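Asks: I'll drop the sequence and a predicted model, then ask my questions.
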Amino acid sequence: MSRGTVVVVRDATREYRQGPTVVRALQGISVAVEQGDFLAVTGPSGSGKSTLLHLLGGVDVATAGEVRFLGRNLAEMTVEARAALRLREVGLVFQRFHLLPMLTALENVELPLAAARVRRGERRERAAAVLERVGLADRLRHRPSELSGGQLQRVAIARALVNQPALVLADEPTGELDRASSRRVLGLFRDLNATGTTLVVATHDLEFAEGARRRIEVVDGRIEG
């Protein structure tokens, strides 16, 4: 697989208003993510890690500077176009899983495919295949209440992968897990990356960060070093 740039951020600033106060969550950030990358973003709470992930995935747009995803300037796209891009090209993994409790693991993983209007039979087949890939072939019919924390996160990872996105973004994916489960998730991410999945992970977990291909540290909205 030839390498290319998935997303590039150039001198991006993100400001928010809190009443009369302007808060700069990011200040002049520049970073590129290449196909096949596994980038860990570290830094203290409130440093801007999550904001950076939101810019990378088009969840949010920069106040100044530029973010290009597969060559497209996200700031020039409509909200609807960015949402469609995320559905096709971005997989999101969250700290608290964000699974629907009334649905089975299989049904939760099917959700992005349903949103993309994939036919039911194909949805089932693709969701089952990706759950098998993350080691949960025997948990397809289990609901979230019947799964461990580590299994819940693997379902969430499967959901992020099911549309075969160009980029997977994970925000503190081991924050709710014990050490053994965290190491299993790191192993899974490394296996996924070895087969070509492009990953950017915001994490406080230094062991997890050291398992990535490369690492940047964000402090006070800037990349250190």
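Replies: That came through fine. Numbering: from 1, shown residues only.
Asks: Quick check: chain neighbours aside, which residue is closest to Val155?
Replies: When the adjacent residues along the chain are set aside, Val155 lies closest to Ala105, with 4.7 Å between them (CB to CB, 6 or more residues apart in numbering). To be clear about C-beta, it is placed using only N, CA and C from the backbone, and glycine gets the same treatment.
Asks: what is the mean pLDDT for the helix or strand Arg123 falls within?
Replies: Mapping Arg123 onto the secondary structure by DSSP states H and E places it in helix 120-133. In this model, helix 120-133 has a mean pLDDT of 96.
Asks: For it, which helices and strands make contact with it?
Replies: Here helix 120-133 is seen to pack against helix 105-115, helix 149-161 when contacts are counted using 3 or more CB pairs under 8 Å, 6 or more residues apart in numbering; DSSP states H and E.
Asks: Mean neighbour count added to the ones you listed, as CSV?
Replies: Listed next are the helices and strands packed on helix 120-133 as CSV, based on neighbours: other CB atoms under 10 Å:
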stretch, mean neighbour count
helix 105-115, 21
helix 149-161, 24
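Asks: returning to what we had before: can you name the residues that contact the residue nearest to Val155?
Replies: Listed by CB atoms under 8 Å, 6 or more residues apart in numbering, the contact set of Ala105 reads Leu131, Leu136, Arg139, Leu140, Arg141, His142, Arg143, Pro144, Leu147, Val155, Ala158.
Asks: how about the CA coordinates for stretch 127-143, as PDB?
Replies: Coordinates of each C-alpha in stretch 127-143 appear next as PDB, following Å, rounded to 0.1, in the frame of the first residue of the first chain:
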ATOM      1  CA  ALA A 127     -20.300  -6.400  11.400                       C
ATOM      2  CA  ALA A 128     -19.800 -10.000  12.300                       C
ATOM      3  CA  ALA A 129     -16.500 -10.100  10.400                       C
ATOM      4  CA  VAL A 130     -15.100  -7.100  12.100                       C
ATOM      5  CA  LEU A 131     -16.200  -8.400  15.500                       C
ATOM      6  CA  GLU A 132     -14.300 -11.600  14.800                       C
ATOM      7  CA  ARG A 133     -11.300  -9.500  13.800                       C
ATOM      8  CA  VAL A 134     -11.300  -7.900  17.300                       C
ATOM      9  CA  GLY A 135     -11.700 -11.300  19.000                       C
ATOM     10  CA  LEU A 136     -15.400 -11.200  19.800                       C
ATOM     11  CA  ALA A 137     -16.900 -13.700  17.400                       C
ATOM     12  CA  ASP A 138     -18.500 -15.500  20.500                       C
ATOM     13  CA  ARG A 139     -20.100 -12.300  21.800                       C
ATOM     14  CA  LEU A 140     -22.200 -11.100  18.800                       C
ATOM     15  CA  ARG A 141     -25.500 -11.500  20.600                       C
ATOM     16  CA  HIS A 142     -24.400 -10.100  23.900                       C
ATOM     17  CA  ARG A 143     -25.700  -6.700  25.100                       C
END
